[in-house]
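Peer 1: structure of the sequence below:
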Amino acid sequence: MSRTVTNSATEPRSPSPIPPVTTDSKSPSSLRPAPSSPATINMDTFRQILDLDEDETHDFSSSMVWAYFTQVRSTFKKMDDALQAKDLQELSSLGHFLKGSSGQIGVGRVEVSCQKIQYYGKLRNEHDDGDVSDTQALDRITALLAQVKSDYDAAECWLKNWYMERGVEGPPADD
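Peer 2: Sure, this is the predicted structure:
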């Protein structure tokens, strides 16, 4: 029987009975409970990002994560536009792009959903081993895009909380 030893510097704390909330400065409706599932973040990948930090200030890793947040918001806007235009090729390309950047940070659920969007945009099923129609692809991408945004919100909240617990200032406000 193997046993995993965790490093408290990188592992999330156990969820409390009342989950913490984070805010952005835009509105009270931005209060969101912190996700309770560490599966939101691939900790092996996230630890590799943390290993790039030279000290406990986490300047390097936090700047990567904050840049990822900006990139995701921009990509979601492009995905919404491509979905409205029914541009499956663009949706596939954007899914591929966001899959890669999410995987690099360790945002696993977003990575998996974006891979499916990539396949559907190519009129392939989620396992890339069969065809789907344009209508099926658009319907599936519509549902997936809602799911991927929800998964991203959970990951963003988790990451902001992780850095906040270590005294790292949050990302710069959106312009």
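
Peer 1: for this structure, which spans come out with low pLDDT?
Peer 2: Within the chain, the stretches with pLDDT under 70 are 1-39, 128, 174-175.

Peer 1: residue closest to the middle of it?
Peer 2: Centroid-nearest residue in the chain: residue 152, 3.8 Å away (criterion: Cα atoms, centre = their mean).

Peer 1: state the distance from that residue to residue 67.
Peer 2: Distance of residue 152 to residue 67, given as Cβ to Cβ, to the nearest Å: 15 Å. Glycine gets a C-beta too; all of them are placed from N, C-alpha and C.

Peer 1: what kind of secondary structure is residue 171 in?
Peer 2: Three-state assignment for residue 171 (DSSP: H, G, I helix; E, B strand; the rest coil): coil.

Peer 1: quick one: it from residue 119, how far?
Peer 2: In terms of Cβ to Cβ, residue 171 sits 31 Å off from residue 119.

Peer 1: who's more crowded, the two?
Peer 2: residue 119 (23 against 19; other Cβ atoms under 10 Å).

Peer 1: hmm, residue 125 and the more buried one touching each other?
Peer 2: Yes - in this structure, residue 119 is within contact of residue 125 by Cβ atoms under 8 Å, at 6.6 Å.

Peer 1: contacts only, for the residue lying closest to residue 103 once chain neighbours are set aside.
Peer 2: Take residue 103 and drop its neighbours on the chain: the residue closest to it by Cβ to Cβ, 6 or more residues apart in numbering is residue 111, 4.4 Å away. For residue 111, the contact set (Cβ atoms under 8 Å, 6 or more residues apart in numbering) comprises 99, 102-103.

Peer 1: of the residues you listed - the most surrounded one?
Peer 2: For the contacts of residue 111, the largest number of neighbours (other Cβ under 10 Å) sits with residue 102, at 28 neighbours.

Peer 1: show me what contacts that one?
Peer 2: Shown in contact with residue 102 (Cβ under 8 Å, 6+ apart): 68, 72, 108, 110-111, 114.

Peer 1: could you redo the last one with a cut-off of 7 Å?
Peer 2: Contacts for residue 102 (Cβ atoms under 7 Å, 6 or more residues apart in numbering) come out as 110-111, 114.

Peer 1: where do the helices sit along the chain?
Peer 2: Remark: helices assigned in the chain by DSSP state H are 43-50, 59-84, 88-105, 108-121, 134-165.

Peer 1: noted, bye for now.
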